[in-house]
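# Output the structure for:
(one chain, ligands or ions: 1)
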Amino acid sequence: MTATDLRSIRNIGIAAHIDAGKTTTSERILFYTGRKHKLGEVHEGAATMDWMEQERERGITITSAATTCQWKDCTINLIDTPGHVDFTVEVERSMRVLDGAVSVFCAVGGVEPQSETVWRQADKYRVPRIAFINKMDRVGADFWSVVTQMKDRLGARPVPIQIPIGVEDGFVGVVDLVDFKAAIYEDELGTEYRKVEVPAELLEEAQLARDAMVETLADFDDQIMTAFLDAKPVEEAWIREALRRETVALNVVPVLCGSAFKNKGVQLVLDAVVDYLPSPLDIPRYEGVNPETGDAVEVDSSVEGPFVALAFKIMVDPFVGRLAFCRVYSGTLESGSGIYNASTRKRERVGRILRMHANKREELDAVHAGMIVAIPGLKQVRTGDTLCMEGHPVLLESVEFPEPVISLA
Ligand code: GDP
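Sure thing, here's the model as predicted:
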């Protein structure tokens, strides 16, 4: 695995308050990313919805701690974030294994107190975000009101990169402000959409929204600023680059919209995950502690460094048994190798390494920095444990060791 491969990994979570559409959006993501073989298995139309229902019953898609899928050239690991919103160690752990998040808002309810709590958690752990304003088809949906609430209530700098075409029953697609084309959904599954010229009646609103996007980015980018001031064309590539850089730096939040339930907008969310959310290489190092000396240790996001991983969830799989879901921060580990658990100070052997997809488990020969995998058979590993190499012990999460028991007998 090379640096180029690491660039094409996205470790993301979907953050939302209850009912905003996190489950529906996640299911649609797995549908679109898996649709090549899925569509071959089912009949067209309603049957695909049945497939989603079956998946829901089997519980594989959304209950797995991490599901790997593919979109364009990227491997996306969809990490389940806890549904509750307390500042618990579990939330902290799930935030630290993500590199970015899709924040889902309801176009009717907007920014509710619970969405504020979820947002603050992501702020605390400095997770770059894109926002998806969902349920544009519902009565009372209001895209611009939610954008304003993001500013006023969350103190965010939202940058709409789309505007809706129509609303409620008449919601049919979005104007993509980056390539300045209208995406209109043609089939019920949202798989077929046409990119056409911006409709005349939306041209003025779209132009204003595009100018606002460019003006915001100009604050961070001299090239865009110069073109903007000289009223010269701003190239699409500059916009894409500035959006990515400033999203990763937490300066802006690109805003998209759609209706997950009506299969509109989710594919463009996947495009935005690939285009604007960071890869593991964008976070060059992590802080750890040497458990023996208490000294700070820097863990580099590189495949060459000593192996360091965090077990962030233990689950029991009906077929494979106990699985430790791990995020690898540094190095490479081959199956069959020994590892050192710095949290329990015990050695274990990694017999197999699995990658969990929505519909299958893939056996891997090795795991590298930036990846998320499930390791079966680690009996002593608990959530929050750091797995590393004995000669390079690192703790990513602090642990309290029990006082040694001294026998006086
Ligand atoms: P979660 O609690 O955030 O996981 O939300 P769900 O995905 O379970 O959605 C909550 C409810 O809203 C369900 O009844 C969904 O069918 C519905 N829903 C989700 N997305 C949309 C949407 O885009 N439009 C409409 N009209 N309903 C939606």
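
# Please point out which parts of stretch 237-251 sit buried.
For stretch 237-251, a neighbour-count test (16 or more other CB atoms under 10 Å) marks Trp238, Ile239, Glu241, Ala242, Leu243, Arg244, Arg245, Glu246, Thr247, Val248, Asn251 as buried. Yep, even glycine has a C-beta here, placed from its N, CA and C like the rest.

# Among the residues you listed, which one sits closest to the ligand?
Distances from the ligand to the buried residues of stretch 237-251, taken as CB to the nearest ligand atom, are shortest for Thr247 (22.6 Å).

# who touches the closest residue to the closest one other than its chain neighbours in this structure?
Spatial nearest neighbour of Thr247, excluding adjacent residues (CB to CB, 6 or more residues apart in numbering): Tyr276 at 4.6 Å. Counting by CB atoms under 8 Å, 6 or more residues apart in numbering, Tyr276 makes contact with Pro128, Ile130, Leu243, Arg244, Thr247, Val248, Pro254.

# Go ahead and confirm the last one touches Leu243.
So the one you mean is Pro254. Yes. Using CB atoms under 8 Å, Pro254 makes contact with Leu243 at a distance of 5.8 Å.

# list residues touching both of those two?
Val159, Ile161, Tyr276.

# and of those, the nearest to the ligand?
Out of those, the member with the shortest distance to the ligand (by CB to the nearest ligand atom) is Ile161, at 18.7 Å.

# could you check the distance from the closest one over to Arg322?
Shown here: Ile161 relative to Arg322, a distance of 42 Å by CB to CB, to the nearest Å.

# Compare those two (neighbour count), which wins?
More neighbours surround Ile161 than the other of Ile161 and Arg322, with 28 against 15 (other CB atoms under 10 Å).

# what's the closest non-adjacent residue to that one?
Of all residues not flanking Ile161 in the chain, Pro254 sits nearest, at 4.6 Å (CB to CB, 6+ apart).

# Report all helices and strands that the helix or strand that neighbour falls within contacts.
Using DSSP states H and E, Pro254 sits within strand 253-257. Packing contacts for strand 253-257, counted by 3 or more CB pairs under 8 Å, 6 or more residues apart in numbering; DSSP states H and E, involve strand 129-134, helix 143-154, strand 158-160, strand 162-165, helix 236-248, helix 266-276.

# what's the closest of those to the ligand?
Of all the helices and strands packed on strand 253-257, strand 129-134 comes closest under CB to the nearest ligand atom, at 4.8 Å.
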